[in-house]
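Q: Model the structure of this input:
(chains A and B)
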Number of protein chains: 2
Amino acid sequence: MKKYKVVFRPEGQVIDVFEGSTVMKAIKEAGVDFDFLCGGGKCGKCRVRIVEGSIKTHVEEKAFLGEKETSEGIHLACFTEIYSDIVVELLQAKAAQHQILLEAGERPMEIIPHICKKYIEVRKPSLDNHLSDWKRFRSSLFQGESQYTTMLETEIAVLHQLSKALRANQYHLTAVTYGHEVLGIEEQDTTQKLMGMAFDIGTTSIVGYLMDLHSGRELGVVSTVNPQTKFGADVITRMNYANQEEKGLERLHDAVTQAISKLIGEAVEKAGLSSDDIYVVTVAGNTCMHHLFLGLDPQYLSRSPYTATTSEPLILNAVKFPITMNPAGKILVLPNIAGFVGADTVAVLLATQMDQSEEIKLMIDIGTNGEIALGSKHKLFACSSAAGPAFEGAQISSGMRGATGAIDHVVFEEKLAYSVIGGGKPQGICGSGLLDVVAGLIEHGIVDKRGRFLPIEKITSAKAEGFKENIVQYEGMAAFLLADENTTLHGRPILVTQKDIRELQLAKGAMAAGIKVLVDKHGIAVEDIKEVLLAGAFGNYLNPHSACVIGLIPKALEGKIKMVGNAAGTGARLALLSSGEYKRGAAIAEFTQYVELASYPNFSSIFAESMYF
Amino acid sequence: MKKYKVVFRPEGQVIDVFEGSTVMKAIKEAGVDFDFLCGGGKCGKCRVRIVEGSIKTHVEEKAFLGEKETSEGIHLACFTEIYSDIVVELLQAKAAQHQILLEAGERPMEIIPHICKKYIEVRKPSLDNHLSDWKRFRSSLFQGESQYTTMLETEIAVLHQLSKALRANQYHLTAVTYGHEVLGIEEQDTTQKLMGMAFDIGTTSIVGYLMDLHSGRELGVVSTVNPQTKFGADVITRMNYANQEEKGLERLHDAVTQAISKLIGEAVEKAGLSSDDIYVVTVAGNTCMHHLFLGLDPQYLSRSPYTATTSEPLILNAVKFPITMNPAGKILVLPNIAGFVGADTVAVLLATQMDQSEEIKLMIDIGTNGEIALGSKHKLFACSSAAGPAFEGAQISSGMRGATGAIDHVVFEEKLAYSVIGGGKPQGICGSGLLDVVAGLIEHGIVDKRGRFLPIEKITSAKAEGFKENIVQYEGMAAFLLADENTTLHGRPILVTQKDIRELQLAKGAMAAGIKVLVDKHGIAVEDIKEVLLAGAFGNYLNPHSACVIGLIPKALEGKIKMVGNAAGTGARLALLSSGEYKRGAAIAEFTQYVELASYPNFSSIFAESMYF
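A: Residues are numbered from 1 along each chain as shown, chains lettered A, B, ... in the order given. A predicted model of the protein is given here:
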């Protein structure tokens, strides 16, 4: 029987499998970290993208995939059979300790490198050609282009090497350029080595993408917990730490830059490269992450009127910045829109091309601080919604992050069913699980529109019958039992209490109110929105139906939801590969109108209304 | 009797004198270092410029001054009487130990500052104005100008200060800008403090001019012996030192940059300023000085084909260069024309505006390496002539530099008369003195056209009679005795020997041949030259008549000679005060065609011919 090679992206694992094997089987054999929540054939969560190769798939798959997904080559691993060498992109993947999104989300783009390399021959000097080494070098480099300039446009360090390097290499050199600026010279022909890394600096995780700047090929993905976490879990705590602790700012700055240097080291080592091969780094993060990365004091960002020191696009010289990369290189920091709508949102808008869309789209990035954008190429609005930590599982009685041991999805079928991240016994529930539970409770008439558990006797729906036994009393209030002490890892029950539902109401109310304000500001009806883009880790894990049931997303939009994965990382990669995309990012930050919710007319009553399910 | 205040430039000494006193008297009373070669009324050397105030002068003065000089306010100190408070510029002045030129050589120019300061008010942030501090700052700064840019155009260090500084100063700050780049911010209104220094780095001396960049006023002049002298007197020795000694290049580089930092310190201290007030530094020097200043290895400059590493205009950030000045400032290095025609020549051409002249002019800067330029705004040629050290007094039996104790001028009147730098007994003879002696010997028929002393019996001219007794035999050859052992400081006679005359012939021959080549290259006749500009220290001290008698300058041009003083320093000052002038300097370096003498057709026969007197 024939065997075929399967390559998994983004990590690059390779395995040979027999013809006709499913991708699921291949994934399991390769030992790739990937969840099959239902064991195969039921949940529709094992989405992969077939990048290359020939496959056969089942008709059942169609029930789970939208037309768009199908057109993008997305399939379910459990149904897909292998009939050639193939390249599979894992759209759901996770690191060992914490779950992050490494979805590659590609779209057509033109590579316009920020930094170029050219191997050139420089004319030899002679008594009849008295031109300086630099001038002859430059004229070989920019042949045919206008050359007269009053600026040298290089660093003196380059001049210190030039004359000797020319003579040692028979007047052949590789030039590294940034526009008309010569960043460096290298002996031999090194034009093939021109890499960069795009970073998405999240409050919780940092993800770095190693890219070949010539081909645009992704050479690897690395990630780590943001080491600033040890100084505070959220941005507010970190800003306070920076403001109040001695050397607080310095520590936070060092933590993130060191983490990035480490990720660069890790990525280049895996790819058989050196950190000197990294010439460009792009960085996207929220405004607080942006300030701490730059070593800027976030104290004015942390209090009204939440003013950033800078929001503009920034190009730094690597030589002066504490990151281990080629010192001749450049660090491009994407711009922010406002104090709480950062470069990560700009990167999402860039990746999703909302700024170029004729149709009106809604982008939601759910988190402790949720970002919402609404509009099209004609008008674009953005706001930040202080949803609070419920979506991250914090301040929830059995809550936890979306990490190993968390119940991340709950299904109210005949009986209650749930999936646990990493498999095994659960330890708690994360945001997406909580959403499923509350949505189920509403749909089964167990919790009312105002968020209250109904008394058992008032629960009349037939489909609620099977779940009544899960309704318990816990610390003097109603609660819904998900897993009793015998089925959990720590031997304590996992519940969703009345108070947890109140917390979720606050969080979803804040997001829903933000959406309402933007719709109002734009002067459109909800129905005018043609597509809802769910970005970010949480957005990619939640069940869109649950989000609509609880009213986090308007019900009218349920059929229009698309998950765009880690679009911030995609935006950072686009900006890395193309100076055109980077400039578009700058234009997006200028074009997008920030809406301050706190000062929006009647915001408190909009918020109060939005808390109803 | 009334008293008036006299201010002497450039050093700034002040003295009160009675009405009707001569400037000569004032100079002597003030103890200012200034030579009156003839004691007053005879030699016409005590040129000063009356910058302000009312004077009375003698008709005799006219015999010594050209029309141009008169129109420029130049007078002889010995004839000029004081009738109000006046400001006098000393056109001949000297430092205690070595004689350099501090002539101010002014010409009309427009001040276009490289770096500007502006005291601005920045809008306060509010909930309705979410723009970043940097964006509001920038919009106040560049009011009305287009603002959209994808570049931040500042250093991150500025951002590190910005937010706090704005709030500590009620949103008022002084911005330091370079085009659209923000170099720095300063608390309070510091717009009045914006100074710069122009440096002329000579092989022997370094002169620095402290200038107010707002008003263009000169605030002081400082100078020092180039400390590189201890590693070698001339450029060749220093290039060898850089190439052959361990850390040689580093030592030479450190010597000049430290000297410049020291001069800055000295200048600002005298003027009651701080080195932080220095925002711009311009530097002009020959190509070797240029390379050593930048720390560039001069080894390729020192051997055929004499290739510079860079000749182009260079703008450096002070923060990265080892000079003590405002770290936000810029260092502007003037461009070179070729390996041996450096930025000093560019500065001279800039100062004398030869590149804008409708008429053809000849510029001569005499030294060990003489530079010659010929042309107009239509065509401009330059060459370097290896004259050797005779003009500097080296390899001359009684030769010395133009320092204290040197015979610098010799007059063949009824008897032989000479002047000594610094007064007192002579120790030797410098280049200008040697020129006078040889010219006198030729004019009196003592030395023939081929440079040979005639036997006493063949000296027939009546006017030679009084000098026959000076013709002696010295070490087996003819010589001319200037001062016997009783009249010299060291008790040895001072002579000009047959061999000394041969050395001078080589030197003047090299210069004259250079002039001939440029005239030939330009395709003109000597008579087409409308003006001869003598630049540099030596050019300003020599007697133009003597230079024409020996054929250093074509005799046909004797009436057209103008001394332009330290025009290189003037050029550096122009480039400091005006970015327009700096750019013109760059254009001059591009426009001027370098002529390589060594490879010019028939050069050796042109050289041989040029040795005749």
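Q: And residue A:567, how far from residue B:122?
A: Counting by C-beta to C-beta, to the nearest Å, the gap from residue A:567 to residue B:122 is 35 Å. No exception for glycine: its C-beta is placed from N, CA and C like everyone else's.
Q: Could you check which of these two has the larger neighbour count?
A: Neighbour totals were compared for residue A:567 and residue B:122, and residue A:567 leads with 31 against 22 (other C-beta atoms under 10 Å in any protein chain shown).
Q: doesn't residue A:534 make contact with that one?
A: No - counting by C-beta atoms under 8 Å, residue A:567 stays clear of residue A:534, with 9.4 Å between them.
Q: So in chain A, where's the weakest helix or strand by average pLDDT?
A: Confidence across the helices and strands of chain A bottoms out at helix A:67-71, with a mean of 77, counting by mean pLDDT, DSSP states H and E.
Q: helix or strand right after it?
A: The element immediately downstream of helix A:67-71 (helix or strand, assigned by DSSP states H and E) is strand A:74-76.
Q: partners of that following strand in the sheet?
A: Strand A:74-76 has these partner strands in its sheet, going by DSSP bridges: strand A:47-52 (antiparallel).
Q: Not counting the strand it pairs with itself, show me its contacts.
A: With C-beta atoms under 8 Å, 6 or more residues apart in numbering or on different chains as the test, strand A:47-52 has contacts from A:9, A:23, A:65, A:69, A:72-77, A:80, A:85-92, A:104.
Q: For that strand, give the mean pLDDT please.
A: If you average the pLDDT over strand A:47-52, you get 87.
Q: and it, C-alpha only, in CSV?
A: C-alpha atoms of strand A:47-52 as CSV (Å, rounded to 0.1, in the frame of the first residue of the first chain):
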residue,chain,number,x,y,z
ARG,A,47,-10.8,22.1,11.4
VAL,A,48,-7.7,22.0,9.3
ARG,A,49,-6.8,23.7,6.0
ILE,A,50,-5.4,21.5,3.2
VAL,A,51,-2.7,23.7,1.8
GLU,A,52,-1.4,21.2,-0.8
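Q: buried stuff in it?
A: Buried residues in strand A:47-52, counting neighbours by 16 or more other C-beta atoms under 10 Å in any protein chain shown, are found at A:47-50.
Q: got it, and stretch A:188-196?
A: Those would be A:190, A:193-196, for stretch A:188-196 by 16+ other C-beta under 10 Å.
Q: From these, pick the one nearest chain B.
A: Set against chain B, the nearest of the buried residues of stretch A:188-196 by C-beta to the nearest C-beta is residue A:196 (17.4 Å).
Q: which residues does the closest one contact?
A: With C-beta under 8 Å, 6+ apart, residue A:196 has these contacts: A:114-115, A:210-211, A:213, A:278-282, A:576-577.
Q: Over to residue A:239?
A: If a contact means C-beta under 8 Å, 6+ apart, then residue A:239 has A:288, A:298-299, A:301-302 as its contacts.
Q: make it 6 Å
A: Residue A:239 makes contacts with A:298, A:302, as judged by C-beta atoms under 6 Å, 6 or more residues apart in numbering or on different chains.
Q: where do the helices sit along the stretch 501-613 of chain A?
A: A:536-541, A:544-549, A:567-577, A:579-591, A:603-610 (DSSP state H, counting those that start in this stretch).
Q: so which of those is the most packed in?
A: Most buried of the helices of the stretch 501-613 of chain A, by mean neighbour count (mean count of other C-beta atoms under 10 Å in any protein chain shown): helix A:567-577, with a mean of 30.
Q: Quick check: residue A:566 vs chain B, distance?
A: As judged by C-beta to the nearest C-beta, to the nearest Å, residue A:566 and chain B stand 24 Å apart.
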